[in-house]
Every structure is written in C-alpha cells, then in structure tokens.
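Trainee: Kindly return the folded structure for what I paste below:
(one chain, ligands or ions: 2)
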Amino acid sequence: MFIVTAKEMYDIDKFAMQEIGLDGKLLMENAGRAVAEKITAMSSKQEKICVLAGAGNNGGDGFVIARTMMDQGYHIHVLQVVPDSKIRGDASFHKRIYENCGGSLSLFDGIDGTEVLDADIIIDAMIGIGVKGELREPLLSLVSLINQQTKKVISVDVPSGLPADEGTVEFSAVEATYTFIIGAPKISAFLNHTSPYYGTWELVSIGLPKKAFQLSTSKSIWNETNVRDCFPGRKPDDHKGTHGKGLVIGGCTEMPGALSMTLKAALRAGAGLITGATSEHVINRIASTNVEATYAVLSTTDGFINNDSKVNVQDYDAIALGMGMGRKAFTSELVRDVVSEANCPIIIDGDGLHHIQPYLTSLKRRKSPTIMTPHPREMAMLLGANVNEILVEPFRYASEFARKFDVYLVLKGMYSIITSPEGKQSVNMTGNPGLAKGGSGDVLTGIILAMIMQRQDMFDAICNACYVHGKSADLLIKHQHSHHDLLASDVIDGIANVYRTIS
Ligand SMILES: NC(=O)C1=CN([C@@H]2O[C@H](COP(=O)(O)OP(=O)(O)OC[C@H]3O[C@@H](n4cnc5c(N)ncnc54)[C@H](O)[C@@H]3O)[C@@H](O)[C@H]2O)[C@@H](O)CC1
Ligand SMILES: [K+]
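Mentor: Numbering: from 1, shown residues only. Ligands and ions are numbered 1, 2, ... in the order given. I've put the predicted structure just below:
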C-alpha cells in the first residue's frame, strides 16, 4: 500500500487523467461510490445523515456519496458549506446531477448549524488534500461545533482542516470517528500529532493505476502481503551456517539484560549462530539463561567494556553493536574500531548511537550496509535537533539522514519508519503500546540481526524484522497479555506465534 504527500497524490491524479486517459468525473464517481459502500455497511436507513460539502473535489465526492446513498433509500441531506459561486469543475458537475435526481440541499448560513445538530451521522466532505493554511470562518466554527458532538463523524479522504503532509503543527480539524481515505493514505495518517484526527481509517480504491503510484512515490506501508512475498524459507539441507553467524557487542555490569535480550531474540528469530561479546561479569550473569549462544570476553574498566582486548570482527555475517554498553568515553574507541574494521552489515543501537554520533561521516566509508535504529530522542541526539521537530516531520528527517550518511534507518515509534540509503521508505503498522517498555528495542535489534543474515534483500529484511517484532506483541495482546503486563522477553517468546502464522 503506497503512502503519499498531497503533491504526489495530485501527480498521480494528473498521470491517471493525462497519460492514462481516465476522466476526473469518473474518478470522483468511483471515489464517492466506494466511500458510500463503506458508509452504508455501517449505518441504517433510520439514521439522519448530513453530508457537509465543500467547494473543491472533496465536496464533489460528497455529492456522489449523497446521491448514491439517497438512491438506496438513506435519509440524506447535503449542507453546502460554501456559496454556489465557489463550486466549480467536476464538483459542480456532480452537484448538478445530485440536484437533478431530487437531492435535498441547503446552504450553510454560517451561523446555527441546525442540520449538523439534527443529524445522527455527519459525513465530512468539506476539504481534503487541498487545504491551505489554518481553517477560515465560517468553517472554523463549524468544525468546532462538529467536534463538540458525540455523533458518528465520517471524513472523506482527510478530516477537513488537517494537513495531508508533515511539518504543520498549527491547525484546526475535524476529529473523525472514521475516515475513508481515497487512493492512498497521506503522510499525516502516520504522525503522532495528526493521526488521531483520522479515527479508524480504511483505504478505498478508485481505479488509479499502480504505475502512477510507482512513478510518484517511494513510500509505502509494509504489510503482511509484503512479508509473505519475501519471507525467507528454510530448506531441508540447511545447516546452522546457512542462517548466519552473528556477533552482538554490548552490555555492562549495570545493564546485562539488554545484551541477553538481543542474543535471545536473534536466536529465536532464526539466526544460525550467535556470539555475545561482553565483559566476563555480564557473561557470568547471562550465560545460564542463554545456553545456545557462545561468548567472547572483552576487557573492562569499572564494569564497562573498553577497547584493550580488541574484538575479532572478521568471522561474522552481521554485527549488532551498542545495547546496554553505557556511554563511557573509552567505549567510543571500541565502537569506532568495530565500525571501521568490520566488513559485514552492522546494526548500531542504543548507547552505540551515542558513541557514533561525532563520527557519523565515517559511516559513508563503510563498504557494507549500516543500519541505525534510533527512537525519536536518539534521532534528535544524532541530528542535534529538538525531539518535537523530529516528531512533526519524521519522514523528511529520516530520509535526509539516511541519504546523507548512507545508512538504513529505523526511526522507531508508534509507526516505525524504515528508510533505505536511497530514500525509499516503509511504515510498519504492527505493534502496540505494550512495546513502550525497556528492552523492546534490544529485542528488535536481535530480530533485525537474524533477518539480515537470511537470504533476503537488506531493506526487506529490516522491514520484516519490524513487522515480526510488532506482530509478536499484537498476538500476545490478543491472546495472553495486556498492554500493561507485556514484557520485552514475552515478545521474544511470541516470535514463534508470528512465524507459525506466516510460514
Ligand atoms: N482526480 C482528483 O483529483 C480526485 C480528487 N478527489 C478528491 O479531491 C480532493 C482534493 O480536491 P481539491 O484539490 O479540489 O481540494 P479540496 O476539495 O480538498 O479543497 C479545496 C477547497 O478547500 C478550500 N480551502 C482550502 N483551504 C482552506 C482553509 N484554510 N479554510 C477554508 N477553506 C479552505 C478551498 O477554497 C477549496 O474550495 C481529495 O482530497 C479527494 O477527496 C477524489 O474525488 C478522487 C479524484
Ligand atoms: K474531508
């Protein structure tokens, strides 16, 4: 499923019309009908439905929805929220057809909004991706009236007033119960501060050609179909070497658990052989519960690993670096050496991100892929930016960072964004608030480590890992646990449930 900005959506519409020959009125008919079908499935003919129609094509969709539902015997009234003179083009065409069919219509007087107060269901087709700046009156007051109601509000394409793109914090918008998104979800459906406005959303298809999307956007949702299409299988003659030999470097006296969880997650996720490189103290603490792993002892100062013993990084297919290693200055040297000496893919996570921050440009010199897995605060630290700036524009920050330092980036969050060094982006939709706990990131790193050592494309492997991590938590919440009690170690055990459902 593709994800678009407003501009990309307009480019797709333009391509469909100019290059493919699809007519705009037909696309609007498809959009309105597709949304009407969804709404009829969730409403009854006894309910009073008020369609709020704006001047642009979003309003045009509203007129098609109204006509389609009226024909089926629904109790429909259109409240046009702009004067007649403003309705143009395809929207005006569909308004005329609605009226010719005898549809009931009135003009919003800008004052009382009786039709809104009387309705059981409000269909919001005032403004879609064409919103410019903050809402103007009288729509601003109308939106505030709508948001005070407890009735079902169904937005068409985008809740009116909400920007389709990232980067805007000042806006007023309809708080929808449901949104039926047309053609492709817009970026604002995946941002912490804008996604709640959509309510529950669903995509409706209107016949736009796939080619138009492929030419216009490199952003998509990573879903179960993607996973099934590229998930690595196991062959009967496989041996432990076939599934990769991974090294996990990290841990300190105060945080032995982080390393332990990465090791265990990597093994559960399918790695052939896993070695933990850490202090003797940490090994003594975790070895009895991680019996399948092997270990390499690193020298320490005050319980933190240092560079004196030199880690052998040559014999591995992939390395995970940083979990629970602490932020002592002498550990930085070890991180830098591993990054420059290893000629296999490296995942840098947790404290490793802090150590590499002053040396980010060195990552460009690596011949093998580098994967970085920051959460927004770590991303802010890497960029020297404010965390709120990142949260408001995560797609842009992620894309610029990945391109600039030639890395694969997993920007973790409610919707984790995976970005390739070329700027291709996928959003992972699995996962739930139960994952907002210590250790969750260490588990993800272990799964990524296992995945990138299997036979699959690097970007696909990272996306699959994020999917498996979130899906494990989702299945656990569904059957055994709650958001409150779910632990990172449960997520490791839950990997088995995910693998059983996808393989
Ligand atoms: N071929 C197409 O282009 C299709 C477009 N579709 C629909 O068309 C929408 C985009 O249509 P448009 O480009 O006409 O734009 P919209 O209909 O989203 O919005 C434009 C209207 O909003 C008003 N407006 C913008 N900012 C405002 C503000 N701050 N305060 C008050 N009024 C404001 C403008 O004056 C204009 O009348 C999509 O969201 C989708 O719903 C669908 O019909 C499918 C096909
Ligand atoms: K809308």
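
Trainee: going forward, measure contacts and count neighbours with C-alpha atoms only.
Mentor: OK.

Trainee: got the CA coordinates for stretch 39-50 in CSV?
Mentor: Output of stretch 39-50 as CSV, limited to C-alpha atoms (Å, rounded to 0.1, in the frame of the first residue of the first chain):
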residue,chain,number,x,y,z
ILE,A,39,-20.8,4.0,4.9
THR,A,40,-23.9,2.0,4.0
ALA,A,41,-22.3,-1.0,5.6
MET,A,42,-22.1,0.8,9.0
SER,A,43,-25.3,2.8,9.0
SER,A,44,-29.1,2.3,9.0
LYS,A,45,-31.9,3.8,6.9
GLN,A,46,-33.5,5.2,10.0
GLU,A,47,-30.5,7.5,10.8
LYS,A,48,-30.4,11.1,9.6
ILE,A,49,-27.3,11.7,7.6
CYS,A,50,-25.9,15.1,6.9
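
Trainee: For that stretch, buried residues please.
Mentor: Buried residues in stretch 39-50, counting neighbours by 16 or more other CA atoms under 10 Å, are found at 39, 48-50.

Trainee: again with stretch 364-378
Mentor: Within stretch 364-378, the residues that qualify as buried are 366, 368-378, counting by 16+ other CA under 10 Å.

Trainee: Please apply the same query to stretch 243-253.
Mentor: Of all the residues in stretch 243-253, those buried under the rule 16+ other CA under 10 Å are 243-253.

Trainee: Near ligand 1, which residues of this structure are found?
Mentor: Residues of the chain lying close to ligand 1 by CA under 6 Å from any ligand atom are 13, 24, 27-28, 31, 55-59, 61, 127-136, 157.

Trainee: give me the subset of those touching ligand 2.
Mentor: 127-128 (CA under 5 Å from the ion).

Trainee: Just the buried ones from the residues of the chain next to ligand 1?
Mentor: When neighbours are counted using 16+ other CA under 10 Å, those contain these buried positions: 13, 24, 27-28, 31, 55-59, 61, 127-131, 135, 157.

Trainee: Restricted to strands, list the residues you listed.
Mentor: In this view, those have no member that belongs to strands under DSSP state E.

Trainee: Among the buried residues of stretch 39-50, which lie within helices?
Mentor: Counting by DSSP state H, the members of the buried residues of stretch 39-50 that fall within helices are residue 39.

Trainee: Reformat the buried residues of stretch 39-50 as TSV; add distance to residue 152 and pLDDT.
Mentor: Written out in TSV, the entries for the buried residues of stretch 39-50 read as follows (distance: CA to CA, whole Å; pLDDT from 0 to 100):
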residue	distance to residue 152	pLDDT
39	11	97
48	11	96
49	10	97
50	11	97
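
Trainee: Mind putting the buried residues of stretch 39-50 into TSV with distance to residue 320?
Mentor: Compiled in TSV, the buried residues of stretch 39-50 are given as follows (distance: CA to CA, whole Å):
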residue	distance to residue 320
39	48
48	58
49	56
50	56
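
Trainee: which residues in the stretch 301-450 of the chain form strands?
Mentor: 304-305, 318-321, 346-348, 370-372, 408-411, 416-419, 425-428 (DSSP state E, counting those that start in this stretch).

Trainee: meant to ask about the stretch 51-200 of the chain
Mentor: With DSSP E, counting those that start in this stretch as the criterion, the stretch 51-200 of the chain has strands spanning 75-80, 105-107, 121-125, 152-156, 178-182, 200-204.

Trainee: how about these in TSV, adding mean pLDDT?
Mentor: Formatted as TSV, the strands of the stretch 51-200 of the chain follow (pLDDT from 0 to 100):
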stretch	mean pLDDT
strand 75-80	96
strand 105-107	94
strand 121-125	98
strand 152-156	97
strand 178-182	98
strand 200-204	98
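
Trainee: I figured residue 491 hits residue 475, correct?
Mentor: No. Residue 491 sits out of contact with residue 475 when judged by CA atoms under 8 Å, with a separation of 9.4 Å.

Trainee: more neighbours, the two?
Mentor: A side-by-side neighbour count of residue 491 and residue 475, using other CA atoms under 10 Å, places residue 491 first with 28 against 18.

Trainee: Which elements pack onto whichever helix or strand that one is part of?
Mentor: Residue 491 is part of helix 488-502, with elements assigned from DSSP states H and E. Using 3 or more CA pairs under 8 Å, 6 or more residues apart in numbering; DSSP states H and E as the contact criterion, the neighbours of helix 488-502 among helices and strands are helix 256-268, helix 440-452, helix 458-479.

Trainee: closest one to residue 422 among these?
Mentor: Shortest separation from residue 422 across the helices and strands packed on helix 488-502 is recorded for helix 458-479, at 10.6 Å, computed as CA to CA.

Trainee: Next, the angle from the closest one to helix 488-502.
Mentor: Angle of helix 458-479 versus helix 488-502, following axes from the mean of the first three to the mean of the last three CA atoms, to 10 degrees, is 100 degrees.

Trainee: Show me what helix 458-479 is packed against.
Mentor: Using 3+ CA pairs under 8 Å, 6+ apart as the test, helix 458-479 ends up in contact with helix 224-230, strand 416-419, strand 425-428, helix 440-452, helix 488-502.

Trainee: how about the ones you listed in CSV, adding mean pLDDT?
Mentor: Rendered in CSV, the data for the helices and strands packed on helix 458-479 read as follows (pLDDT from 0 to 100):
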stretch, mean pLDDT
helix 224-230, 91
strand 416-419, 98
strand 425-428, 98
helix 440-452, 97
helix 488-502, 94
